[in-house]
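Asker: got a predicted structure here, sequence first:
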Amino acid sequence: MNWLPLEHLLLEAHTGRAVTADLDHPQLRQHALQLAAELQNRGVKRLALYLDDASDLAIALLAAWRAGITVLLPGDAQPQTRQRMSTQCDLWLDSVNGLLSAGSAALPPAALNLDQCQLTLCTSGSSGEAKLIDKSLRQLANEVTALEQLWGKQLGSATILGSVATQHIFGLLFRVLWPLCAGRVFLRRAQPFPEDLQRESLACGTDFVWVASPALLKRMGNNLDWNALRAVRQVFSSGGALPSETAAELQNLLGQWPTEIYGSSETGGIAWRQGGELWTPFAGVELGQNSEGALHLTSPYLPAGHREQTADAVELQADGRFALRGRLDRIIKLEEKRISLPMLEQALSSHEWLSDARLGVVQEGRAYLGALVALSPAGLHALRNQGRKTVTETLRRHLAGHCEAIALPRRWRLLAQLPYNNQGKLAQATVEALLAEPRPTQVEPLSAVEQDGEWQLQLIVPLDLAHFTGHFPQTPVLPGVVQVDWAQQLARSLIKDLPPRFSGMEVLKFQQLVRPGDPLQLSLRFDASRGKLYFAFRNGEAPCSSGRILLGPAQ
Amino acid sequence: MSDLQLEIKTLIIDALGLEDMAAEDIAADLTLFGEGLGLDSVDALELGLAIQKRFGIKIDAEAKDTRKHFANVASLAAFVSSQQTA
């Protein structure tokens, strides 16, 4: 292959060098130089790019760099993001079409300055604010050069196809910048579905390479023509770890291990692996650990002399390789999307219906978020008068403006307060264990006191009883049968030697509705001579229900 | 609502963990992805697998735009029945 350094892509026109199926290098260069002139005329200093088309992105990036414009790649195109960016950028481009016309003026060709050309990536930071990460062209150039040295021979003249967006570092390097420098043709559009990836792979007429996400590789399905797909030169996966069974299955289907890249927007590539647990660092990446065991590194893909601390726990091996041991902070990945739990919790808690919120991951089929929320008085009022679904739907809609759809909690647990421990802490493991549990059907008494054979219990009706879903969707009411059941269950836990068999009920009265969050007093008395359990629920002075449960010996 | 549509709605709710959602909440013409029901790209992949498994069909990887059938429950039901009789 004919390698062109990243900084020389706009220098000379290379006739016959293809970029995509319908764009060659001279055209790319011409478009970029024209766009550079246009952007300069408009006085753009900082430019946000959100382009679906990888060749448009290549043109716009090179143009901006040629014109001395800093480029920002937003992580998403949410209205809030666009609004935030509007204060930081002069122009947001979704498409380059409007800015390119056939005969328009162009800047003269020139080499790009490796240290002055800048790119800013966006990701979720630990503080909750979107984090901006500056990269110089030198860092990016070092990385694509290293990738070519490692795998250039293996890839040959294969066409590069990908399922991942080019807005993030993995897609940007592997789908755009590396192939541009190597002279490999790349597909303009991301192919997020297995069928489309197969069709485009088999249609490209040459060898092909996949740049894919674990989200896709985990879900390829058996409707594909795996025999034909074995022609794939190499499969790159990044953004999150590939489960070992997925890697092994791909090895079985394709006759080769997928190549996983470990890294982040901040660090660039750190290491790679092909099967197995251990990661091999890229050349020149120097690893170390802080006192908590979290990885830090220096790297040719970082600013010179900068040591980047990660929150990934690692186990370093004597041979220089390492194993990953999970994250030490509350930034999580859901299907490769980095999500800051503190940010979402902050956004969620700002709703007037909530006083507190904690999020955790629920692993059932796919992984998604669950929310453990404490309702404010207004939230409790809403729950009692509009029902659970209105509450959770409203909270989801409230959050939708702050995050991508993938981060919207699918499971909700409504509480009066969150279960902090004595030190005021609530461990993530506790949050996730509570989210994994089904909604409650029983009640825990706050207190239980006996006097002269009569028990007095204080209860609070849980906000999130499973019974409320159908009884009734818009006005949750504690069913009478549940009240009788609670009376009997609680009596059995308190009063010894109750006859085991339920044999009927007498003089049942339901006088007042019992609703989520109601404080109840329950009195229980067992008349052993008659085999009758007397119960009465009151809410303050108001009787709610009462009756006698007939209990008899086992039959 | 046809039985097949009902089955697809239930499959969507179960396979994707949609709490507080009942089959009658998903209109046959409700857009499933993005706006409407608000499913995401991973749901699209999951649903593709779940539909193939449940109904014993294969999404044709040769044909273009097969994902158009995933627009809503009505189009999915039409797709499933056409594949089952094919």
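Answerer: Okay, I see it.

Asker: per-residue confidence for the residue most central in space within chain A?
Answerer: For chain A, A:L334 is the residue whose C-alpha lies nearest the centre (C-alpha atoms, centre = their mean; 3.2 Å). pLDDT for A:L334: 88.

Asker: ok, now A:A241?
Answerer: 86.

Asker: list the contacts of it.
Answerer: Neighbouring residues of A:A241 by C-beta atoms under 8 Å, 6 or more residues apart in numbering or on different chains: A:214, A:260, A:262, A:324. For the C-beta atoms, the positions are set from N, CA and C on the backbone; glycine is no exception.

Asker: and of these, the nearest to chain B?
Answerer: Using C-beta to the nearest C-beta, A:P214 comes nearest to chain B of the contacts of A:A241, at 10.4 Å.

Asker: still on that earlier bit, you'd agree the residue nearest to the centre of chain A is up against A:Q363?
Answerer: No - A:L334 lies out of contact with A:Q363 (C-beta atoms under 8 Å); the separation is 10.4 Å.

Asker: what is the burial count for A:K425?
Answerer: Neighbourhood size, A:K425 [other C-beta atoms under 10 Å in any protein chain shown]: 8.

Asker: oh sorry, the question was meant for B:K64
Answerer: Around B:K64 there are 10 other residues, counting by other C-beta under 10 Å.

Asker: could you measure the closest residue to it other than its chain neighbours against A:F236, distance?
Answerer: Using C-beta to C-beta, 6 or more residues apart in numbering or on different chains and skipping residues adjacent in sequence, the residue nearest B:K64 is A:R199, 7.1 Å away. Distance, A:R199 to A:F236, by C-beta to C-beta, to the nearest Å: 20 Å.

Asker: these two - which one has more neighbours?
Answerer: Neighbours per residue (other C-beta under 10 Å) separate A:R199 from A:F236, with A:F236 holding more: 24 against 19.

Asker: hang on, that one in a strand?
Answerer: Yes - counting by DSSP: H, G, I helix; E, B strand; the rest coil, A:F236 falls inside a strand.

Asker: before we move on, back to that, out of the contacts of A:A241, which sit inside strands?
Answerer: Judged by DSSP state E, these include A:260, A:262, A:324 as members of strands.

Asker: write a PyMOL command that selects only the buried members of those residues.
Answerer: Typed into PyMOL, the line below selects the buried ones among the ones in strands among the contacts of A:A241, using 16 or more other C-beta atoms under 10 Å in any protein chain shown:
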select buried, chain A and resi 260+262+324
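
Asker: from the ones in strands among the contacts of A:A241, pick the one nearest A:T206.
Answerer: Lowest distance from A:T206 to those (C-beta to C-beta) belongs to A:E260, with 24.5 Å.

Asker: hey, what's the closest one bridged with?
Answerer: Legend: beta-bridge partners of A:E260 under DSSP bridges are A:S237, A:R273.

Asker: and the pLDDT for it?
Answerer: Per-residue confidence at A:E260 stands at 98 (pLDDT).

Asker: same question for the one 5 residues further on.
Answerer: What the model reports as pLDDT for A:S265 is 92.

Asker: how many residues are close by A:T166?
Answerer: The tally of other residues near A:T166 (other C-beta under 10 Å) stands at 28.

Asker: oh sorry, the question was meant for A:Q309
Answerer: A:Q309 has 14 neighbouring residues, counting by other C-beta under 10 Å.

Asker: do A:L72 as well
Answerer: A:L72 - counted by other C-beta under 10 Å - has 22 other residues nearby.

Asker: helix, strand or coil for it?
Answerer: A:L72 ends up strand, using three-state DSSP.

Asker: again, but for A:S86
Answerer: Three-state assignment for A:S86 (three-state DSSP): helix.

Asker: pretty sure it sits against A:P74.
Answerer: No - applying C-beta under 8 Å as the test, A:S86 and A:P74 come out as separate, 10.9 Å apart.

Asker: those two - which one has more neighbours?
Answerer: Legend: neighbour count by other C-beta under 10 Å for A:S86 and A:P74, higher for A:P74 (22 against 12).

Asker: for A:K389, which residues are in contact?
Answerer: A:K389 makes contact with A:473, B:20 under the criterion C-beta under 8 Å, 6+ apart.

Asker: again with A:V361
Answerer: Residues in contact with A:V361 (C-beta under 8 Å, 6+ apart) are A:332, A:334, A:367-370, A:432.

Asker: strand partners of the helix or strand harbouring it, parallel vs antiparallel please.
Answerer: Assigned by DSSP states H and E, A:V361 belongs to strand A:354-364. Strand A:354-364 has the following strand partners under DSSP bridges: strand A:366-375 (antiparallel).

Asker: how about the CA coordinates for the partner strand, as CSV?
Answerer: Taking Å, rounded to 0.1, in the frame of the first residue of the first chain, the C-alpha atoms of strand A:366-375 are listed here in CSV:
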residue,chain,number,x,y,z
ARG,A,366,-29.9,-6.7,27.2
ALA,A,367,-28.5,-4.5,29.8
TYR,A,368,-30.4,-1.4,30.7
LEU,A,369,-30.7,1.2,33.5
GLY,A,370,-33.0,1.0,36.5
ALA,A,371,-33.9,3.9,38.7
LEU,A,372,-34.4,3.8,42.5
VAL,A,373,-36.2,7.0,43.3
ALA,A,374,-37.5,8.7,46.4
LEU,A,375,-40.7,10.6,45.7
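
Asker: hmm, back to that, now for the contacts of A:A241: which two are most distant?
Answerer: Pairwise distances across these (C-beta to C-beta) peak at 13.7 Å, for the pair A:P214 and A:L324.

Asker: returning to what we had before: show me which of the contacts of A:A241 is closest to A:W65.
Answerer: Nearest to A:W65 out of the contacts of A:A241 is A:Y262 (C-beta to C-beta; 27.7 Å).

Asker: pretty sure the closest one contacts A:L324?
Answerer: Yes - look at A:Y262 against A:L324 with C-beta under 8 Å: they come within range, at 7.1 Å.

Asker: identify the contacts common to the two.
Answerer: Jointly contacting A:Y262 and A:L324 under the rule C-beta under 8 Å, 6+ apart are A:241, A:279.

Asker: check contacts around the residue nearest the centre of chain B.
Answerer: For chain B, B:L76 is the residue whose C-alpha lies nearest the centre (C-alpha atoms, centre = their mean; 5.0 Å). B:L76 makes contact with B:8, B:51, B:69-70, according to C-beta under 8 Å, 6+ apart.

Asker: residues in chain B within reach of chain A, list them.
Answerer: When proximity is defined by C-beta under 8 Å from any C-beta of the partner chain, chain B lies next to chain A at B:15-20, B:34, B:38-46, B:48-49, B:52, B:58-64, B:66-67.

Asker: 6 Å instead, please
Answerer: Within chain B, the positions near chain A by C-beta under 6 Å from any C-beta of the partner chain are B:17, B:19-20, B:38, B:40-42, B:45-46, B:49, B:58-59, B:61, B:66-67.

Asker: is there a quick ChimeraX command that grabs whichever of those are buried?
Answerer: Buried members of the residues of chain B next to chain A, defined by 16+ other C-beta under 10 Å, are picked up in ChimeraX with:
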select /B:17,19,20,38,40,41,42,45,46,49,59,61,66
